[in-house]
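J.: got a structure for you, letters missing:
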(Lines give C-alpha, C1' and ligand atoms only; values in the text may rest on other atoms or scores of the structure.)
Protein backbone atom coordinates (compact mmCIF):
# COMPACT_ATOMS: atom_id res chain seq x y z
CA UNK A 1 0.00 0.00 0.00
CA UNK A 2 2.83 2.42 0.73
CA UNK A 3 4.12 1.89 -2.83
CA UNK A 4 0.69 2.83 -4.17
CA UNK A 5 0.70 6.03 -2.10
CA UNK A 6 4.17 6.92 -3.42
CA UNK A 7 3.00 6.25 -6.98
CA UNK A 8 -0.11 8.38 -6.50
CA UNK A 9 1.92 11.25 -5.03
CA UNK A 10 4.47 11.07 -7.87
CA UNK A 11 1.62 11.10 -10.38
CA UNK A 12 -0.03 14.15 -8.83
CA UNK A 13 3.23 16.07 -8.40
CA UNK A 14 4.19 15.77 -12.05
CA UNK A 15 7.02 13.29 -11.63
CA UNK A 16 5.46 10.83 -14.11
CA UNK A 17 3.37 12.88 -16.53
CA UNK A 18 3.55 16.27 -18.21
CA UNK A 19 1.55 19.05 -16.53
CA UNK A 20 -0.80 19.12 -19.52
CA UNK A 21 -1.57 15.42 -19.08
CA UNK A 22 -2.26 15.91 -15.38
CA UNK A 23 -4.60 18.81 -16.18
CA UNK A 24 -6.48 16.60 -18.68
CA UNK A 25 -6.62 13.80 -16.12
CA UNK A 26 -8.09 16.12 -13.49
CA UNK A 27 -10.44 18.04 -15.78
CA UNK A 28 -13.83 16.60 -14.89
CA UNK A 29 -16.76 16.31 -17.22
CA UNK A 30 -20.14 16.31 -15.43
CA UNK A 31 -21.38 12.78 -14.83
CA UNK A 32 -23.37 10.98 -12.19
CA UNK A 33 -24.61 14.06 -10.36
CA UNK A 34 -21.72 15.81 -8.63
CA UNK A 35 -18.99 13.46 -9.80
CA UNK A 36 -16.70 14.58 -12.59
CA UNK A 37 -14.68 12.03 -14.50
CA UNK A 38 -11.45 12.99 -16.22
CA UNK A 39 -9.00 10.50 -17.74
CA UNK A 40 -9.51 7.68 -15.26
CA UNK A 41 -9.69 10.12 -12.35
CA UNK A 42 -12.83 11.34 -10.59
CA UNK A 43 -13.46 14.48 -8.58
CA UNK A 44 -16.30 14.20 -6.07
CA UNK A 45 -17.68 16.57 -3.46
CA UNK A 46 -18.74 14.36 -0.54
CA UNK A 47 -21.79 15.69 1.28
CA UNK A 48 -22.53 16.38 4.09
CA UNK A 49 -18.82 16.26 4.98
CA UNK A 50 -18.05 19.10 2.54
CA UNK A 51 -14.79 17.47 1.50
CA UNK A 52 -13.42 16.93 -2.02
CA UNK A 53 -11.91 13.62 -3.03
CA UNK A 54 -10.02 12.92 -6.24
CA UNK A 55 -8.99 9.51 -7.44
CA UNK A 56 -10.15 6.21 -8.80
CA UNK A 57 -12.25 3.32 -7.54
CA UNK A 58 -12.48 -0.26 -8.71
CA UNK A 59 -14.28 -3.33 -7.54
CA UNK A 60 -16.36 -6.39 -8.14
CA UNK A 61 -18.69 -8.47 -6.02
CA UNK A 62 -17.01 -8.95 -2.64
CA UNK A 63 -14.11 -6.55 -3.15
CA UNK A 64 -13.70 -2.81 -3.47
CA UNK A 65 -10.61 -0.60 -3.72
CA UNK A 66 -10.14 3.13 -3.81
CA UNK A 67 -7.22 5.44 -4.44
CA UNK A 68 -7.97 8.98 -3.26
CA UNK A 69 -6.29 12.32 -2.84
CA UNK A 70 -7.89 14.87 -0.48
CA UNK A 71 -6.75 18.30 -1.77
CA UNK A 72 -7.91 20.26 1.29
CA UNK A 73 -5.84 17.98 3.53
CA UNK A 74 -3.00 17.25 1.08
CA UNK A 75 -3.56 13.62 2.07
CA UNK A 76 -3.43 10.37 0.10
CA UNK A 77 -5.69 7.47 1.03
CA UNK A 78 -5.71 3.93 -0.33
CA UNK A 79 -7.95 1.09 0.75
CA UNK A 80 -8.61 -2.45 -0.42
CA UNK A 81 -11.71 -3.93 1.17
CA UNK A 82 -12.51 -7.60 0.83
CA UNK A 83 -15.75 -9.39 1.60
CA UNK A 84 -17.97 -6.32 1.79
CA UNK A 85 -20.64 -8.20 -0.11
CA UNK A 86 -22.91 -6.71 -2.72
CA UNK A 87 -24.55 -4.03 -0.56
CA UNK A 88 -23.80 -0.69 -2.29
CA UNK A 89 -24.23 1.15 1.01
CA UNK A 90 -21.45 -0.82 2.70
CA UNK A 91 -18.71 1.00 0.76
CA UNK A 92 -20.37 4.39 1.27
CA UNK A 93 -20.58 3.78 5.02
CA UNK A 94 -16.94 2.74 5.27
CA UNK A 95 -15.71 5.60 3.07
CA UNK A 96 -17.80 8.16 4.94
CA UNK A 97 -16.48 7.00 8.32
CA UNK A 98 -12.86 7.24 7.14
CA UNK A 99 -13.36 10.69 5.56
CA UNK A 100 -15.19 12.01 8.62
CA UNK A 101 -12.28 10.91 10.80
CA UNK A 102 -9.72 12.52 8.47
CA UNK A 103 -11.71 15.74 8.23
CA UNK A 104 -11.64 16.11 12.00
CA UNK A 105 -8.03 15.09 12.62
CA UNK A 106 -5.99 16.59 9.76
CA UNK A 107 -5.95 20.41 9.48
CA UNK A 108 -6.87 21.95 6.13
CA UNK A 109 -3.68 22.92 4.31
CA UNK A 110 -5.09 26.34 3.28
CA UNK A 111 -6.32 27.43 6.73
CA UNK A 112 -4.04 29.31 9.10
CA UNK A 113 -3.59 27.61 12.44
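T.: Received it, and whenever you're ready, just let me know what you need. In this text the structure is predicted, and so the values were computed from the model without any measurement. Numbers count the residues shown, from 1 in each chain.

J.: is the residue most central in space within the chain in a bridge, and if so with what?
T.: The centroid of the chain falls nearest to residue 68 when counting by Cα atoms, centre = their mean (2.3 Å). Counting by DSSP bridges, residue 68 forms beta bridges with residue 55, residue 77.

J.: Hmm, it is touching residue 78, no?
T.: Yes - using Cβ atoms under 8 Å, residue 68 is in contact with residue 78, at 7.5 Å. Where you see a C-beta, it was placed from the backbone N, CA and C, and this is true even at glycine.

J.: Identify the single longest helix in this protein, thanks.
T.: Secondary structure of the chain per DSSP state H: the longest helix is helix 88-105.

J.: Can you name the next helix or strand after the lowest-mean-pLDDT helix or strand in the chain?
T.: Lowest on mean pLDDT, DSSP states H and E among the helices and strands of the chain sits strand 35-37, with a mean of 66. Later in the chain than strand 35-37, the nearest helix or strand by DSSP states H and E is strand 42-46.

J.: Give me the helices and strands touching that next one, please.
T.: Here strand 42-46 touches strand 35-37, strand 51-60, helix 88-105, going by 3 or more Cβ pairs under 8 Å, 6 or more residues apart in numbering; DSSP states H and E.

J.: Partner strands of it and their direction?
T.: Taking DSSP bridges as the criterion, strand 42-46 forms sheet pairs with strand 35-37 (antiparallel), strand 51-60 (antiparallel).

J.: Worst mean pLDDT among these?
T.: Lowest mean pLDDT within the strands paired with strand 42-46: strand 35-37, a mean of 66.
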